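**Student:** Sequence first, then the predicted structure:
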Amino acid sequence: MTTDAENDLAHRADRLYAARSALAETERPRHRFGIAEIVQFLNDPSRSLTSEEQRSLFADPRLRADYKRLKALATSFEMPALAAASSGKVDARRFDGGSINIHPSRIAGQLYVILRFNTPTDHPRAMLLESTSGEVIKRALPGADPQGEVMMVLNENNEADARFLRLLADPTSTGTFVL
């Protein structure tokens, strides 16, 4: 024979189990991509955007406007898209403040990317490339030499390098240099 206290305890345990089971089956709340994440992305050279964050950024016009405003404050030089007549891949680009050249190496699949800045001081920490389709890629830049030159050795067989090279050689992509 069970007492009322034992019945009450069993009933409360049953309700607690049901509540915990229901919570376990619910989705975790999705973290919203916002201003704080944009600021972190722009200020941390190693921080990149996930594909979900990129979709959020380009799907929300207000967030996109905030991104453009914050990016303008955090960047030093802009690399515009090339003239509409440009087609195919390019291996050299100029921007206000310098130039970029892509040279093949003697090693298959390896390329040199050389950035030359007109002013040998205040070198950017990262380069941010954007495609017309909304893809955003950021690459931390190594330190520049005393003449303002940065050299990167990239491998087309490395997925991250290949994506960066693809956007860099795309005449419709734009770029900015993050301080």
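**Tutor:** Yep, that arrived.

**Student:** how about the strands of the protein, start to end?
**Tutor:** Chain-ordered strands for the chain, with DSSP state E as the definition, fall at 75-79, 92-95, 98-104, 110-117, 126-130, 136-140, 149-155, 174-178.

**Student:** which stretches of the protein form helices?
**Tutor:** According to DSSP state H, the chain carries its helices in the segments 4-25, 35-43, 51-59, 61-74, 159-169.

**Student:** In this protein, what helix or strand scores lowest on average pLDDT?
**Tutor:** The weakest-scoring helix or strand in the chain, judged by mean pLDDT, DSSP states H and E, is helix 4-25 (a mean of 72).

**Student:** how far is that one from where the chain is centred?
**Tutor:** In terms of Cα atoms, centre = their mean, to the nearest Å, the centre of helix 4-25 is set 46 Å apart from its chain centre.

**Student:** what's the answer for stretch 107-126, then?
**Tutor:** Centroid separation between stretch 107-126 and its chain, computed with Cα atoms, centre = their mean, is 18 Å.

**Student:** rewinding a little: so which of the strands of the chain is the most surrounded?
**Tutor:** Greatest average neighbour count among these goes to strand 126-130 (a mean of 22), per mean count of other Cβ atoms under 10 Å. Glycine gets a C-beta too; all of them are placed from N, C-alpha and C.

**Student:** Let me know the average pLDDT across that strand.
**Tutor:** Averaging pLDDT along strand 126-130 gives 93.

**Student:** ok, now stretch 71-84?
**Tutor:** Mean per-residue pLDDT for stretch 71-84: 84.

**Student:** neighbouring contacts of that stretch?
**Tutor:** Stretch 71-84 has contacts (Cβ atoms under 8 Å, 6 or more residues apart in numbering) with 42-43, 90, 93, 95-98, 100, 117, 122, 124, 128, 132, 171-179.

**Student:** 6 Å instead?
**Tutor:** 42, 95-97, 124, 171-172, 174-179 (Cβ atoms under 6 Å, 6 or more residues apart in numbering).

**Student:** Stretch 167-174 too?
**Tutor:** Identification of contacts with stretch 167-174 by Cβ under 6 Å, 6+ apart yields Pro80, Ala81, Leu82, Ser86, Lys89, Val90, Leu129, Glu130, Ser131, Thr132, Ile137.

**Student:** Next: stretch 95-109.
**Tutor:** Outside stretch 95-109, the residues that touch it by Cβ under 6 Å, 6+ apart are 77, 79, 91-93, 111-118, 155-157.

**Student:** could you redo the last one with a cut-off of 8 Å?
**Tutor:** By Cβ under 8 Å, 6+ apart, the residues outside stretch 95-109 that reach it are 76-80, 91-94, 110-119, 148, 153, 155-157, 165, 168-169, 175, 177.

**Student:** Between the two ends of that stretch, how far is it?
**Tutor:** Taking Cα to Cα, to the nearest Å, stretch 95-109 runs 26 Å from one end to the other.
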